[in-house]
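In: no sequence on hand, only this structure:
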């Protein structure tokens, strides 16, 4: 007896079918659980346990190993500031402080209005475009503290339903790790990665 | 880490010294040996052994925390780092994950190794609270010991230590202190690999990794106590034992657990005359050191306030305390009177399955010599035939499970009724690649490891067996035609009756290349009791009471009675009908324990004279004429015999409360007073008498068990088996037909007298519940957790409904003998209706 | 100065649409996959072995040899390691995002060479855009019959599953990645016995290859191994992607032949150090690698062997340049913090040791350092990497813990004075550095 919507259940079945053994589907199903409720609840983990036939404790063991499964209520926009070595060398810590200061949300926490969560993260593979920030895992490279403040204000005022890496890069980004070449309209609908198999890909302007 | 590790298991193959089992066939030539050098000394060690084990067996102890001989190595704690000469110079490797190779040079104490070991210890202690003075583990703590022997001596960690709320209960029985935990994964591996209920797991990662349960989903495993025992620090502690004693205050003896018929080996630990805890003892033959929680924690009844401490006699309708002399003289007088009037056939003796072999022998001798009757039975109308249980041909050993091609399990849910065996079968299926076939009316604890699972409607077992024989289940047939098949057979459900198991065994014998049969029965020492003749058709030593059998016994006992005896059901019916005038109960509570309690209730109501030897007043002896206080587990020594025929020594370490006495002593005294002395001086001399009188027990003396056969000795020893029972295919009754059929099965925790008086386990019984398939529940209008009325022709009552996919449609499952649960008897036809509808 | 391009050729020539199937097919795409179907397994393995292609994930092991070690049991699996997470590394991101079909053709070739019928592409969770591009490419390939039942009209079946990680650097370690794919915690497995080639995914023989490695395969088959060898250094054939970041004017990915010097890379290719400042330290091969300093290493050639001789490694080709304004304690703390955060937690020395190291470094940086702290730090490091040598003598299952020791070696060898200054001044002597996050 699933608590998930029929569409999500159908997606879960499709995902499980992609693997030779169903336990392999734990990770994508955990994302589904997050997409369903906005973050990973105990009920979500129990649901995943039922789908792949393991105990909730086993699901929890996996879910708590990976940093992207958020087990506390997370803001509509998760702002992740990289402070690993390359970003740190070019002011990543200042960008983080700017985000914290502008939003009033210290890293590791979520604003009272539930709009923003701020975190500092380890390397997100954007060292050539340091310092880098992600919003709902959509990347912006070459961010300055001022641009970071702009970003926070924009999220607060524009409140896009879909955050898109290309759009944010144009608005708030600078130096990139490499030429991104073209602009696409795809982006994230919530604080979890936008990926086809998860049904989490939104289009710019979509509501 | 997932998956089996061949390396780890191959080096502990069970060497079996007993006759008959597949273990012998598997043994073949001994393992090959290779030569390795440990710290400059050359050693011959078994090929393929782990370095840590090979070194240990040759006298070099390599420190370790995560490695446990009975679990797959994970190499996580890194304490066992040693240096091995490799092609590119010396390499640091973990001794627990590397196998020996010929010519290997191992350094376990050089400077590099020492540095590594000291470092690991310092790391482990960095965040450790060092609260040894208030820790249960203090004094028997591997971390404490190794910090002492291998540690750097002081901590240079000046930072703030890790903090966790502590201790947190992770079940009713186990407490967790995450600050003490060193994350060796012994507990998590145990619950995953060994017991099969992974309810405790690692959580988070890096420096904040912890062991924990899922919120609101406790570590409610039947085997949780093992994690306390194998925890190398005081992270997991026993709610029952916590702060009760320090290791150096404990006295201990080795003994066997008596809650199931496998007889797991354990250590009984006592302080100030009180049993405080039981700890598993590693051995190849039975339990590998593991204990079920029932075996581990189910001893508190010994010190219950309600233990009987004085003989009780009925006076003016009340049981009143009296002296032994008064009580026994009364009984002796009554025995003489009745015997003179009606002879031996009006006596009945029920029980003896919970005591020692010495007790059982005394009961057997007492019944035949003093009461002149064969009306004696240690089974309580719920067991297979006595000859099949006592002397089936091709009887297997527990260790045969490891080397089988196929294990057929057609009987009760092992997890509920035979936990020791459950762990062995689980390991065989999971780690040793043995094909497991489970046949049972509903889900069982081994289904997840079964390569084939069949369910059938209660009472439909014979029909299924016929189908198999007719070739309707080719895969199963093929599995049973394998070379080495171990058939574990018992009564899966009351509706099946006792004969199905024997027919299954007969079928397997016929099909398999080589069959080994392990028949299942309840009550801890039932096999010992049967071996001592506690069945109407058995004499001591697995001898049939035919002319020859009686003649052989006549020399020592005098001629035993010739009349055919009654089994428990016939005795209960005989009491009711007045044929039986005198009932002796020895550790038996038929009202609670027989499948159809109506019979027992009627019998108890109409009995003329009842004498009970017991630890407690119970539903069967409350109205008895005389109740005599007995000795319990660890209060007497003796021998016991397990389901494979293994005789082991159990030992005394605690005093009997009040004036209680061992069964044999009571009966010897009573025989004397009844004018028919049976000459039993003490338990050891009884054992000697058994070895002389009971053919299968020739040579089994306490000396032999204590000094030569530490894992026990399996009877029959070669060539002396007097009775060989060839299992035969018997016809079953016609299967009942009705929309709903009742399956009554036992659960580990129930309302039995020992658990009822063990406060730690008493709350764990399931209570009055009925499992319904969701479809059936819908039809009955039943909701999860709501009351339903369950009615059979034998009984009825209100039960709380559990909606359960594991119970097939058309099957209604009710756990037997639960607190508050009405008895439903053996009739399979059942009706279920929602209450208040 | 230009160098021959292989894996970045298409995206350089056709920036606007290098990731599309149309462009890929218009530039000889999938021809080599078709050809591989006509070759025997031995021929394929031999060709790749001959080409000298080394794994580009960091370990630099011969790709062809790796294939030839695959145990005979079947099914066998292929896992593409796109869990690029080492600080300083971002090359796979570009290859996945800008030329996913190239990688996919490499997957098909590898699968054919190893009798694989189910391949997995594991992409780190923080790379949703590359993952979307790859998934689109996979979907297109299925639609065209390049994947699925009977690929390219042959009787060869190949399924490909794109798997998204969820934030764990350790999953870049191949056995941890396999555990992760099995739905377990991403903890590295023991070797022995769990060598992927014998007991990998689902305990079956498994090839784990890096994104860049397989991206090279179509080109090796197209140009032939001889030409491929000619592009690179004799001991390290072909090109390789260098990701350069930190204090350089033109950070980014550069596809280069082996054998250039660090000076050439930093000053000529990456545009030198901003403001003309001096280089203080170079991390040559990702955050795990022991550091170089310009005084000693600037003229060294960038090859696997030269790096190894100098006591470090080329790793995944991630170069981080730190200029004279950089506080070495802070930089070390940041790298150690990374490894402490990413420790899977199973081995005692890594779990406890890396966090301890981080705590000590932070204390020193924050002005609470003691004179004994550097020696303590070295001794703690010694407990993770006995003898503090390179390559490390590990007390751990995998190299993550010992990787955290690398920056500490730099403090010991080159920046001891700077550490002492921190202790003496009760804080960081470089005023420009602000309090960390």
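Out: Sure, I can see it. Since the model is a prediction, treat every value here as computed from it, not as a measurement.
In: tell me the gap between the helix or strand where residue C:65 lies and the middle of its chain.
Out: Secondary structure here is read from DSSP states H and E; on that basis residue C:65 sits in helix C:63-68. With C-alpha atoms, centre = their mean, to the nearest Å as the basis, helix C:63-68 stands 18 Å off its chain's centre.
In: average pLDDT across that helix?
Out: Averaging pLDDT along helix C:63-68 gives 95.
In: next, the residues that contact that helix from outside, please.
Out: C:45-51, C:53-55, C:110, C:113-114, C:197, C:207, C:209, C:213 (C-beta atoms under 8 Å, 6 or more residues apart in numbering or on different chains). Bear in mind the C-beta positions are built from the backbone N, C-alpha and C, glycine included.
In: mind redoing it with 10 Å?
Out: With C-beta atoms under 10 Å, 6 or more residues apart in numbering or on different chains as the contact definition, helix C:63-68 has outside contacts at C:41-42, C:44-56, C:59, C:62, C:78, C:110, C:113-114, C:196-197, C:207-210, C:213-214, C:216-217, C:220, C:225.
In: now, which of the residues you listed lie within helices?
Out: Secondary structure of the contacts of helix C:63-68 is defined by DSSP state H; positions in helices are C:41-42, C:44-51, C:110, C:113, C:196-197, C:213-214, C:216-217, C:220, C:225.
In: which among the residues you listed count as buried?
Out: Among the ones in helices among the contacts of helix C:63-68, those scoring as buried are C:44-51, C:110, C:113, C:196-197, C:213-214, C:216-217, C:220, C:225 (criterion: 16 or more other C-beta atoms under 10 Å in any protein chain shown).
In: so which of those residues are also by chain A?
Out: When contact is defined as C-beta under 10 Å from any C-beta of the partner chain, these do not meet chain A at all.
In: residue ranges of the strands in the stretch 1-150 of chain B, please?
Out: Chain-ordered strands for the stretch 1-150 of chain B, with DSSP state E, counting those that start in this stretch as the definition, fall at B:33-38, B:41-46, B:81-86, B:89-94, B:105-107.
In: now tabulate those in JSON lines and tack on mean pLDDT and mean neighbour count.
Out: Below are the strands of the stretch 1-150 of chain B laid out as JSON lines (pLDDT from 0 to 100; neighbours: other C-beta atoms under 10 Å in any protein chain shown):
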{"stretch": "strand B:33-38", "mean pLDDT": "96", "mean neighbour count": "18"}
{"stretch": "strand B:41-46", "mean pLDDT": "96", "mean neighbour count": "15"}
{"stretch": "strand B:81-86", "mean pLDDT": "94", "mean neighbour count": "20"}
{"stretch": "strand B:89-94", "mean pLDDT": "94", "mean neighbour count": "18"}
{"stretch": "strand B:105-107", "mean pLDDT": "97", "mean neighbour count": "20"}
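In: can I get those in TSV with distance to residue B:459?
Out: Shown next, in TSV, are the strands of the stretch 1-150 of chain B (distance: least, C-beta to C-beta, whole Å):
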stretch	distance to residue B:459
strand B:33-38	55
strand B:41-46	51
strand B:81-86	60
strand B:89-94	55
strand B:105-107	61
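In: quick one: which of these is nearest residue A:206?
Out: Between residue A:206 and these, the shortest gap by C-beta to C-beta is with strand B:89-94, which sits at 53.5 Å.
In: show me what the closest one is packed up against.
Out: For strand B:89-94, the packing partners by 3 or more C-beta pairs under 10 Å, 6 or more residues apart in numbering or on different chains; DSSP states H and E come out as helix B:51-57, strand B:81-86, strand B:105-107, helix B:111-126.
In: strand partners (parallel or antiparallel) of that strand?
Out: When sheet partners are counted by DSSP bridges, strand B:89-94 sits next to strand B:81-86 (antiparallel).
In: pull the distance from the partner strand to the chain's centre.
Out: The chain centroid and the centroid of strand B:81-86 are separated by 42 Å, computed with C-alpha atoms, centre = their mean.
In: could you give the angle of it to strand B:33-38?
Out: Taking axes from the mean of the first three to the mean of the last three C-alpha atoms, to 10 degrees, one finds strand B:81-86 and strand B:33-38 inclined to each other by 110 degrees.
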